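Colleague: A structural model of the following input is requested.
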Amino acid sequence: MATDAQQACFEAGIKFGSLYHQFAGTPVSPSSTRSMEAAMAEAIENQPHCEAVTVDIHDDRVADAIDHENGYTELTGSLMDVEMRIAYEGVTVHTRMAMEDGYPLMELVDVVETADPDR
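Modeller: Next comes the predicted model:
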């Protein structure tokens, strides 16, 4: 069986997979970025063990990606940064997705085991 820390990391991976693949390709414009951020964060926060999600869609990157007269582009990882906090059985996992060398890299920032008085 997986340790609590391993399970917490697995849960974080599930949340990132869901966030990225559920919303990639969604039409987005500079005027809709705030509502898209809120919708993404709220959707992922519904999942078990998810304590917090922050989605930052960069208006300047969205504007630069628009290459036609219709005023929108498709959401991709290159347009946003994401942070998540997942808690599972006394373990808190902090994660982020940010551009690194032209790629939206998802990574563990830290894994913190806290004292659990019920154990």
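Colleague: From now on I want contacts and neighbour counts done on CA atoms only, so please keep to that.
Modeller: Will do.
Colleague: I'd like the next helix or strand past whichever helix or strand Thr95 is part of.
Modeller: Per DSSP states H and E, Thr95 falls inside strand 91-100. Next helix or strand after strand 91-100 toward the C-terminus (DSSP H and E): strand 103-113.
Colleague: Which stretches in this protein count as helices?
Modeller: 4-23, 33-45, 59-65 (DSSP state H).
Colleague: other SSEs contacting the second one?
Modeller: Using 3 or more CA pairs under 8 Å, 6 or more residues apart in numbering; DSSP states H and E, the elements in contact with helix 33-45 are helix 4-23, strand 50-57.
Colleague: What helices and strands are in contact with the strand holding Thr95?
Modeller: Partner elements for strand 91-100 (3+ CA pairs under 8 Å, 6+ apart): helix 4-23, strand 80-88, strand 103-113.
Colleague: redo that, cut-off 10 Å
Modeller: Packing partners of strand 91-100 (3 or more CA pairs under 10 Å, 6 or more residues apart in numbering; DSSP states H and E): helix 4-23, strand 50-57, strand 80-88, strand 103-113.
Colleague: hmm, back to that, just so I know, which of the helices of the chain lies nearest Glu113?
Modeller: Smallest distance to Glu113 across the helices of the chain (CA to CA): 7.4 Å, for helix 4-23.
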